[in-house]
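Asks: heads up, no residue letters with this:
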């Protein structure tokens, strides 16, 4: 038997003890968390300050930056829209390829596939995600482009073109969109599926009218991550989309036969342009150098806008369960 | 041949259920009478929910589940290869343990099942009628656009009942419909079940023996054998099962001497 302890002894035993290990770990984790924020802020700061250099040049103005129909900083043309247009074209084509396919695969995996099928299919998709983008780039150039040329004719499809780059970006982001969408669908409680089945719904009705709407916020998140990835993709467009901005003397010319939007001609995207110009012997004081940061900033703002927009959409359409 | 004169809506013949190698339920013989409430009771793991889910083929969604024997619905075996399980579930509705409304408006919750079943008619009227029958109309008539999840647990469960009624089933299966609800909400559901039995045939799985005694006309008592396989120990009119059970095991369970 242990001796019964007195009240003061019990009070003493309750006294707060210092836990130095806990304090140190807490502090360290805080530093790491802070580091990621500081890094992000640093990047944004550099982007802004360098971009400011560009806009501070006498020959550059924001109005011309936003309205001109060609991008040739060396000879005084800074129309960012032609670069943005190329980026949006490749991204749009990529999403047209990846969104329906990815959603279909995700619905199949989460609602139809047996355990066995899923355990075979998912690793294959993950292999697709592990292929280096440079391989995808040459896949676009040496497989997709010849294929398009054979289907539509060499006079229609140029060697460097937006369509094959966009389609291959679509293949690149397919595993990403599929796995995120599948996660979102699988996270929908089984009880909701049971409810639908119990009312005499088929698997398809359940998948499309109950599970998909309930997973909408996750699906939109998948969509946004995927399109951000598509917008930021560099290697594929640098190799296959074209090595020069699709410039026009005027907007009138650009819109003639919708030449601006022709997917079978070459065009340089924002990322493609950055990587081509920044490689090699660019000098720090040149307008080309400064212009890169303006493009980078634009790219950043576009993805930021996309993120904000998607958050709004998610909040509006989410079905809370 | 369909036997329309039979008072039995559902009848099982030698029903056995397996999950993989596990024999979950054996040799169940049950007859469910029309417009009556039949309660399935018994200890955890006795297979009462499994049996309930055989009645509308919800076990189809469990990949390892396998069924032997027959489940006759108006004399037709619903496990025959020419039977569409989707059609079965339209005739035999279900209410689950935990209220599971869709994350949609109250109106859409009720209308959904009818819409996918190709309902042509006055949807507004159907929604109102179903909500009235589920004794929920007065509480929600001014907020039909509100999300189903904005309701209390008991209201959600009545919404799920309304949703099932809107498909116009003949039988309603209830899998422990009040186990997630407080006593007052539970009582409302029980009153509702008694009302609904005038027009529907109800089969309810419950852990609550007082509930079975209060609401049901017939009680089926399930228990497990030494291999943990569930079987039907006794089936009969509820007063008999609760006052003069034939089986000693039933009596022990009813009186709380189980185990």
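Replies: Structure's in. What do you need? Values in this document were obtained by computation on a predicted structure and should not be read as measured data.

Asks: Please count neighbours and contacts with C-alpha atoms only from this point.
Replies: Noted.

Asks: which residue sits closest to the residue in the stretch 151-259 of chain B that chain A sits nearest to in space, ignoring its chain neighbours?
Replies: In the stretch 151-259 of chain B, the residue that lies nearest chain A is residue B:164 (6.4 Å; C-alpha to the nearest C-alpha). Distances taken as C-alpha to C-alpha, 6 or more residues apart in numbering or on different chains place residue B:93 nearest to residue B:164, at 5.7 Å, with adjacent residues excluded.

Asks: which secondary structure element contains that neighbour?
Replies: Secondary structure assignment for residue B:93, by DSSP states H and E: strand B:92-95.

Asks: Given that strand, what are its sheet partners and their directions?
Replies: Strand B:92-95 pairs in its sheet with strand B:171-175 (parallel), by DSSP bridges.

Asks: could you point out which element follows the partner strand?
Replies: Sequence-wise, the next helix or strand downstream of strand B:171-175 (DSSP H and E) is helix B:183-196.

Asks: average model confidence for that following helix?
Replies: When pLDDT is averaged along helix B:183-196, the result is 92.

Asks: by contact count, what packs against that helix?
Replies: Packing contacts for helix B:183-196, counted by 3 or more C-alpha pairs under 8 Å, 6 or more residues apart in numbering or on different chains; DSSP states H and E, involve helix B:153-166, helix B:209-215.

Asks: and that helix, which residues are buried?
Replies: Applying a neighbour-count criterion of 16 or more other C-alpha atoms under 10 Å in any protein chain shown, one finds B:185, B:186, B:189, B:190, B:192, B:193, B:194, B:196 buried in helix B:183-196.

Asks: Show me what the helix or strand that that helix is followed by is packed up against.
Replies: Per DSSP H and E, the first helix or strand lying C-terminal to helix B:183-196 is strand B:201-205. Packing contacts for strand B:201-205, counted by 3+ C-alpha pairs under 8 Å, 6+ apart, involve strand B:37-41, helix B:48-54, strand B:171-175.

Asks: Quick check: neighbours of strand B:201-205 in the sheet, parallel or antiparallel?
Replies: Using DSSP bridges, the strands paired with strand B:201-205 are strand B:37-41 (parallel), strand B:171-175 (parallel).

Asks: Go ahead and name everything in contact with that strand.
Replies: Residues from elsewhere that reach strand B:201-205 (C-alpha atoms under 8 Å, 6 or more residues apart in numbering or on different chains): B:9, B:32-41, B:48-49, B:52, B:170-177, B:193.

Asks: Show me how far it is from its chain's centre.
Replies: Its chain's C-alpha centre and that of strand B:201-205 lie 4 Å apart, by C-alpha atoms, centre = their mean, to the nearest Å.

Asks: Tell me how many other residues surround whichever residue of chain A sits closest to chain B.
Replies: For chain A and chain B, the shortest gap (C-alpha to the nearest C-alpha) falls at residue A:200, measuring 4.6 Å. A count of nearby residues for residue A:200, using other C-alpha atoms under 10 Å in any protein chain shown, gives 28.

Asks: swap in residue B:206?
Replies: Neighbours of residue B:206 using other C-alpha under 10 Å come to 23.

Asks: Contact partners for it?
Replies: Here residue B:206 is in contact with B:39, B:40, B:41, B:175, B:176, B:177, B:179, B:212 (C-alpha under 8 Å, 6+ apart).

Asks: The last one contacts residue B:39, correct?
Replies: Yes - at 5.8 Å, residue B:212 and residue B:39 qualify as touching, with contact defined as C-alpha atoms under 8 Å.

Asks: If you count surrounding residues, which of the two has more?
Replies: Each of residue B:212 and residue B:39 has its neighbours counted (other C-alpha under 10 Å); residue B:39 has more, 27 against 24.

Asks: Pick the one among the contacts of residue B:206 closest to residue B:146.
Replies: Each of those was scored against residue B:146 by C-alpha to C-alpha, and residue B:177 proved nearest at 22.9 Å.

Asks: any idea which element the residue nearest to that closest one when sequence neighbours are not counted lies in?
Replies: Leaving out its chain neighbours, the residue that sits closest to residue B:177 by C-alpha to C-alpha, 6+ apart is residue B:97, at 4.7 Å. Per DSSP H and E: residue B:97 is located in neither a helix nor a strand.
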